[in-house]
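Asks: below are the sequence and a predicted model for it; my questions follow.
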Amino acid sequence: MTTMAILTIFVLSVFVGFEVVSKVSTTLHTPLMSGANAIHGIILVGAILVAAEAKSTLETTLAILAVVLATINMVGGFVVTDRMLEMFKGKGGKK
Amino acid sequence: MTTMAILTIFVLSVFVGFEVVSKVSTTLHTPLMSGANAIHGIILVGAILVAAEAKSTLETTLAILAVVLATINMVGGFVVTDRMLEMFKGKGGKK
Amino acid sequence: MNSNLYALIGLGVAVSFVMALKGLSAPKTARRGNLIGAFGATVATVIVFFDPSIEEGHNTILIIAAIAFGVIVGVPAARKIQMTQMPQLVALFNGVGGGAAALVAIVEYLNLGETASFGEVLATVFTVLVGSVSFSGSVITFLKLQELMTTRPVVFPGGRFVIAATLAGALGTSGWVISSGGTTPLLVLAGLSLLFGVLFVLPVGGADVPIVISLLNAFTGLTVAASGYVLQSTLLIVAGTLVGASGTILTRKMAEAMGRSLFGTLFGAFTAKPQAIAEGGEARTVKSGSPDDVAILLNYAQRVVIVPGFGLAVAQAQHTVRELADLLAEKGVEVAYGIHPVAGRMPGHMNVLLAEANVPYEQLVEMEEINPTFPQTDVVLVVGANDVVNPAAKTTPGCPIYGMPILDVAGAGNVIFLKRSMRPGFAGIENDLLYDVKTTLLFGDAKDSLTKVVNALKAL
Amino acid sequence: MNSNLYALIGLGVAVSFVMALKGLSAPKTARRGNLIGAFGATVATVIVFFDPSIEEGHNTILIIAAIAFGVIVGVPAARKIQMTQMPQLVALFNGVGGGAAALVAIVEYLNLGETASFGEVLATVFTVLVGSVSFSGSVITFLKLQELMTTRPVVFPGGRFVIAATLAGALGTSGWVISSGGTTPLLVLAGLSLLFGVLFVLPVGGADVPIVISLLNAFTGLTVAASGYVLQSTLLIVAGTLVGASGTILTRKMAEAMGRSLFGTLFGAFTAKPQAIAEGGEARTVKSGSPDDVAILLNYAQRVVIVPGFGLAVAQAQHTVRELADLLAEKGVEVAYGIHPVAGRMPGHMNVLLAEANVPYEQLVEMEEINPTFPQTDVVLVVGANDVVNPAAKTTPGCPIYGMPILDVAGAGNVIFLKRSMRPGFAGIENDLLYDVKTTLLFGDAKDSLTKVVNALKAL
Ligand SMILES: NC(=O)c1ccc[n+]([C@@H]2O[C@H](COP(=O)([O-])OP(=O)(O)OC[C@H]3O[C@@H](n4cnc5c(N)ncnc54)[C@H](OP(=O)(O)O)[C@@H]3O)[C@@H](O)[C@H]2O)c1
Ligand SMILES: NC(=O)c1ccc[n+]([C@@H]2O[C@H](COP(=O)([O-])OP(=O)(O)OC[C@H]3O[C@@H](n4cnc5c(N)ncnc54)[C@H](OP(=O)(O)O)[C@@H]3O)[C@@H](O)[C@H]2O)c1
C-alpha cells in the first residue's frame, strides 16, 4: 500500500472518529472511553503477528508478553464496558 | 494504489459522508444539496486530465465538452449555493 | 510537480470538501463551508495542470477556453436566477455534472482501448450508465419544475413494462461492453441509459421532484467516485463518495420531511389506484370576501397564524406580509407564521423568503409546534399556499400528496385564502378546504390583496 | 487464507469498530454497540492465525496459551470490580494496551533489523515512546484513583525542569535510534519514556485524573495506528486512528464538563500559585445535628433537592436514598435529584447508581437546570458529596477545582451534609460551606444516617 493511501486512510479515519462521537451525552462519557479503550486492544492482532514470526527467545518472550497484555486490554475492556452499560438497562430508552 | 486501499478509502468516505450531514436542519436541505452538487463538479479535474491526453478529434471534442459541462456544474453550483445562503445573512446565528 | 506534493495537495482538497459539507449542515457555518469547498475546488483545478502524469501543454489552451466558456455560462445563470426557480437550476447543474462524468468515462475508455482492466471496464460501464441517467433525469425534472411540461405523474399504459425493458436492455448492453468491448456497445449503453433516465423520472409526481433531484445528485457523486477509480485519482474517489453518501442521507431526510418513503416517491405512480375525484361533478359554492371583510376578521382576532406558500414567493409578497403582521401586532393581536417544511418549491424556501423580509426568527413556528395551537387560533391567513394545508393528504389515499403531514388549519376559527383563482397547487389536486363554511377566499395576486387588506385595516 | 478475503474481513472488522463507537455514543444503542465491537475484535483475533504472511503453526500453542492466560486475568477483574473502582480498572486496561503496543514495536524492530525503512523506524520510535508513556502514566493514575498514593498534585521543587529534561532526553534518544539504529538506544528510549509518563501524571490533581486517562487512551490509539503502519495492517491503522480521534474529542468534552481547559488540567499545578488556605488557623465551628433534627427539617419542607456524590457510591446508599425520597413524596414534599456531571469518580457515575436503584428518570435533574431552582428550595440534602458543591470553585483562584461549575446549593434555605468526618473530598480542599450558618452536618456513614432519618421521619 502506498504512503499516500495510508495517509488518506488515516485522515479519513480521523474524521470518522471525530464525527462519530461528537454527539455523546455526559452520561456516556465513561462507557465510551472504556469501549474505545477495548477497541485499541486490537493491538492483540499485531502481537499475534509478531509472536508468530518471533525467532529468538527474547523476541518470543516479549511478543508473548504483548499477547497477554493486549488480551487483558481487549477482553477486559469489552466486559467492563458491558457491565457498566448493563446498569442503564431499562432506563436507556428514556434519554 | 491497491484495490484494498481504494476499497478502504471508499468505505471510510461513506462513513464520513453519512456522519457529516446527519445533523442538518430542514432549513438547510436545499443549500446542502446544492453545495454537494457543486462538489461533484470536481469531475472537472477528471475532464481536464482526459482532455490533456486526448488524441483523436473525437476524444478531444468529447473531453472538451466534458470540461465545459463540469465547469458549469462546479462554478454555477458554488455561486448559486452562496446566493441562497446570503439570504440567511444576519439570521443565521439564531438557530 | 513533485508527485508526492501533488498527492498531498489533492488530499488537502478532499479535506476541504469534508469541511464544506460539515459547514453546510449548520446555519452559522454554512456560508463559510461553501466558500471553503469553492476554494478547494479552485486549487484542485489549478494544480491538475501540473499533474505529473499528463503531457505538459497538450490541449492546454483549448481546456482553458472551455473552462472560461463554462464560467461564462454558469455564473450568470447562477446569479440571475430568481429564488423561485432555484431548484430547477440545481437540477440542471446536477445533470451537466452527470453528463460530464459519463463523457469522461467514454473518453478514457477510448483512450485505454485494449489495455483496460476488468475493474476499469466495470467502473466505466457504471459511470456511463448512471451518469447518463442522471443527465436525462435531471433534464426532465428541470422541465417539470420550470412547468415546461406537466408536473403531474406521467403514466402510460404498460409504462412499467417499458421501463423494465429499457433497464434490462441497459444492463444487457453493460454485459455486452464488459464481455466484448468496443465503442459501439458503449454508445448503445449511453443511449439506453439516457432513455431510462427519462422514463424513470416521468412517473414521479411534481411534488416529489426535489427528492429525485437529491437522489440523482447522490448518483452523480458515485459516478465521480467511479471515474476516480479509472483515472487513479484519490481526490475524485473521496469527493465523489462523500457526495454519494451524504446525498443518500439527505434524500432520505427530505423524503421524511415530506412524510413519504423513498420507494413510494419513485414508484408510487405505478402502485397508486387511479384517482376517483369527481372533477366538476357537482358545482360547489365558495365564499369569497372583500379586503374589508378580511380586515374586520383580522382586527377582532386574538390570535392570527399566517401560512405562507409558493404563491407568496411568486408574488414577492414577503415584505407586505410583514407589514400586515406588524400592524396586527400593534393592535395587540398575537401573530405567528406557520412554516411547513415543504411549502414553496424547495426545502426551507419560506425561511429564506421571510428572513429576507427581516421577519423576527421567533415568529416562525415549525409545523409540529404550530399544529396543536390551531384550535386556539381565531384566523388563519393562507397566503399563496395550497397543498400544505390540503386535508386530502389525510383523507384521500392514492392522491399525490397522501401521507404528507399538513398544517391542520381547519381546526382554527376562520380560514382566509389569498389566491388568484380556483386552480389547484403544485400537486394538481383539488382542495376541499376551499369549499368549507369556515373559509373565505380573497381572489387576486397575494401582494395586491395584502396591500388592500393593510389599507383597510389602517382605515378601521 | 486467500489474501483478498483476509483483507476484506479486516475491513469488515474496521467497520464494526466504527459502528461500535457510533452505538456507544447514544444510550439506546450503547450496549449493542459494545457487543458489535467485541464481535469484530473476536473475528479479527481468530482470522489473524490465517494471515497469509505468517508461517503456519509457529508458536501457535504458546500464543493461544497466552491469550487464555490474558482472558483468565482480564475477565474476572472486569466482572468483580466494584462500580466505585471502575475508572482505575479502565486506566489499567489502557496502560496494558499501551505497553503491548510498545512491546510489539520493539519486537518488530528487532525482527526487521537493518531492513527497516525510515518510515518504519519513525513509527517504531513513536510507538515505543508514546506506548511507554501511556503505560507508566496509566499505572500512576491507577495508584492515585485507588488511593494507594496521594490524590493531590505532586509537585517538587524544580519539577518542571526535571520533566522538561526527561522529555528532551526521550526526544534526543529518538534521534539516536533514528540515526544509528540498534537495540540499546531503543531500550534507553523505553526507559526514559516510562519515566516521563510518571512525571507527566504526578502533578495532575486527582480530580483531573479521568481526563488524563482519556488522553492516554487516545495516545494508545495512535500507537496502535503506528504499529499498523509498521505491520502493514490496515485494520490496526483504522482502529487505532479511530480511537485516537474519538478519544481526543472525548477528552475535550470531559474537560469541558468539568469546566477546565485541557492545558490547565495538564499543567495547572505548575502555574497555580501555592494555596494560601490558613489550615486550622482559627478553629471554626460547625453545626452538627441528629437524625431527628434532619427529619424535622425535611418534613416541613415544600421542596427538597438531593445532591448525591462519591460517598453515596461508597456507602452503597442509593436504595436507602430512594426510600427516603419516596417517603417524602408521599408526604407531599417535592423531591428532585441534582446531578453534577462529575459527581462520583467517573462521568455519569450518579446516573448509573441511581438507575440501578430504579429512581425515576424524571427526578434526575442536570446541573444547568437545577441551579436556578435552589432559591425556591427549602432543604438540600448533600449525600456524600463535597467538591461538587464547594464554593471554592468560584471564589478561590488557584485551588484544584477553580473554574469548575458547581451546584449552587448555598442559595437554598437549609443545607444538610451527610458525611463521616470533616475530611475534604477528592480534590483535597476545605469546603467553607460546611461552616455556613445554613448548614447542618449529620456525621456517619451515608447509608446508616439515611436509615436513621427514614425511621425518624416515619415516627413523626
Ligand atoms: N418545498 C419543497 O421542497 C418543494 C419542492 C417541490 C415541490 N414542492 C411541493 O410544492 C407544494 C408546496 O405547497 P404550497 O402550499 O406552498 O404551494 P402550492 O400547493 O403549489 O400552492 C400555491 C398556491 O399559490 C397560489 N398562487 C400562485 N401565485 C400566486 C400569486 N401571485 N398570488 C396569490 N396566490 C398565488 C396558487 O393558486 P392560484 O394559481 O389560484 O393563484 C396555488 O394555489 C407541495 O405540493 C410540495 O410538495 C415542495
Ligand atoms: N465523575 C468524574 O468523572 C470524576 C472522576 C474523578 C474525579 N472526580 C472528582 O471527584 C470529585 C467528585 O465530587 P463529589 O462531591 O462527588 O465527591 P467528593 O468531593 O470526593 O466528596 C465525597 C464526600 O463523601 C464523603 N464520604 C465518603 N464515604 C462516605 C460514606 N461512606 N458515607 C458518607 N459520606 C462519605 C467524604 O467525606 P468523609 O470522608 O468525611 O465521609 C467526602 O467529603 C470532584 O472533585 C471531581 O472532579 C470526578
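Replies: Looks like it arrived, so ask away. Numbering: from 1, shown residues only, chains lettered A, B, ... in the order given. Ligands and ions are numbered 1, 2, ... in the order given.
Asks: what about residue C:428, which SS state?
Replies: coil (DSSP: H, G, I helix; E, B strand; the rest coil).
Asks: could you check the pLDDT of the closest residue to it other than its chain neighbours?
Replies: Nearest residue to residue C:428, sequence neighbours excluded (C-beta to C-beta, 6 or more residues apart in numbering or on different chains): residue C:152, at 4.8 Å. Placement of C-beta: from N, CA and C, glycine included. pLDDT recorded at residue C:152 is 75.
Asks: got a list of what the residue of chain A most remote from its centre touches?
Replies: Using C-alpha atoms, centre = their mean, the residue of chain A lying farthest from its centre is residue A:56. It sits 28.7 Å away. Contact analysis of residue A:56 by C-beta atoms under 8 Å, 6 or more residues apart in numbering or on different chains lists residue D:110.
Asks: quick one: it from residue D:103, how far?
Replies: To residue D:103, residue A:56 is 14 Å away according to C-beta to C-beta, to the nearest Å.
Asks: over to whatever residue of the stretch 301-450 of chain C ends up closest to chain B: give its phi and psi.
Replies: Closest residue of the stretch 301-450 of chain C to chain B, C-beta to the nearest C-beta: residue C:347 (3.7 Å). Backbone geometry at residue C:347, expressed as degrees, to the nearest 10, gives phi -60, psi 130.
Asks: ok, and the closest non-adjacent residue to the residue of the stretch 251-400 of chain C at minimum distance from chain D?
Replies: Of all residues in the stretch 251-400 of chain C, the one sitting closest to chain D is residue C:252 (16.9 Å; C-beta to the nearest C-beta). Once flanking residues are discounted, residue C:252 sits nearest to residue C:262: 6.2 Å by C-beta to C-beta, 6+ apart.
Asks: burial check on residue C:160, number of neighbours?
Replies: For residue C:160, the neighbour count with other C-beta atoms under 10 Å in any protein chain shown is 16.
Asks: for the helix or strand hosting it, which helices and strands make contact with it?
Replies: Using DSSP states H and E, residue C:160 maps to helix C:159-180. With contacts taken as 3 or more C-beta pairs under 8 Å, 6 or more residues apart in numbering or on different chains; DSSP states H and E, helix C:159-180 sits against helix C:118-145, helix C:183-201.
Asks: check what pLDDT residue C:238 gets.
Replies: If you check residue C:238, the pLDDT there is 96.
Asks: swap in residue C:163?
Replies: Residue C:163 is assigned 91 on the pLDDT scale.
Asks: contacting residues around the closest residue to it other than its chain neighbours?
Replies: Of all residues not flanking residue C:163 in the chain, residue C:199 sits nearest, at 4.7 Å (C-beta to C-beta, 6+ apart). By C-beta under 8 Å, 6+ apart, the contact set of residue C:199 is C:159, C:162-163, C:166.
Asks: the residue nearest to residue C:428: which element?
Replies: Per DSSP H and E, there is no helix or strand for residue C:152.
Asks: and it, how many neighbours?
Replies: Per other C-beta under 10 Å, the neighbour tally for residue C:152 reads 18.
Asks: which one is whichever residue of chain A sits closest to chain C nearest to, not counting chain neighbours?
Replies: At 4.5 Å from chain C, residue A:4 is the closest residue in chain A, using C-beta to the nearest C-beta. In space, and not counting its chain neighbours, residue A:4 is closest to residue C:7: 4.5 Å by C-beta to C-beta, 6+ apart.
Asks: can you read off the pLDDT for the one you found?
Replies: Residue C:7 carries a pLDDT value of 90.
Asks: would it count as being in a helix?
Replies: Yes: checked against three-state DSSP, residue C:7 lies within a helix.
Asks: pretty sure it contacts residue C:53?
Replies: No: counting by C-beta atoms under 8 Å, residue C:7 stays clear of residue C:53, with 11.2 Å between them.
Asks: neighbour count winner among these two?
Replies: Neighbour count, other C-beta under 10 Å: between residue C:7 and residue C:53, residue C:7 has more, with 21 against 12.
Asks: which parts of chain C sit against chain D?
Replies: For chain C, no residue is in contact with chain D (C-beta under 8 Å from any C-beta of the partner chain).
Asks: what residue ranges in chain C score low on pLDDT?
Replies: Residues of chain C meeting the criterion pLDDT under 70: C:1, C:206-207, C:259-260, C:264-265, C:267-283.
Asks: so which bits of it are right by chain A?
Replies: C:4, C:7-8, C:11, C:14-15, C:18, C:234, C:238.
Asks: which pair in the residues you listed spans the largest distance?
Replies: Longest distance between any two of the residues of chain C next to chain A is 21.3 Å, between C:4 and C:18; criterion C-beta to C-beta.
Asks: tell me how many other residues crowd the nearest residue to residue C:159 once chain neighbours are set aside.
Replies: Once flanking residues are discounted, residue C:159 sits nearest to residue C:203: 6.6 Å by C-beta to C-beta, 6+ apart. Using other C-beta under 10 Å, the number of residues around residue C:203 comes to 20.
Asks: wait, doesn't residue C:203 sit right on residue C:153?
Replies: Yes: assessed by C-beta under 8 Å, residue C:203 is found in contact with residue C:153 at 4.8 Å.
Asks: tell me the buried residues in the longest helix along chain A?
Replies: Criterion DSSP state H: the longest helix present in chain A is helix A:3-20. For helix A:3-20, a neighbour-count test (16 or more other C-beta atoms under 10 Å in any protein chain shown) marks A:4-6, A:8-20 as buried.
Asks: please name every helix or strand in contact with that helix.
Replies: Helix A:3-20 sits against helix B:3-20, helix C:3-24, helix C:234-257, helix D:3-24, helix D:209-231, helix D:234-257, with contacts defined as 3+ C-beta pairs under 8 Å, 6+ apart.
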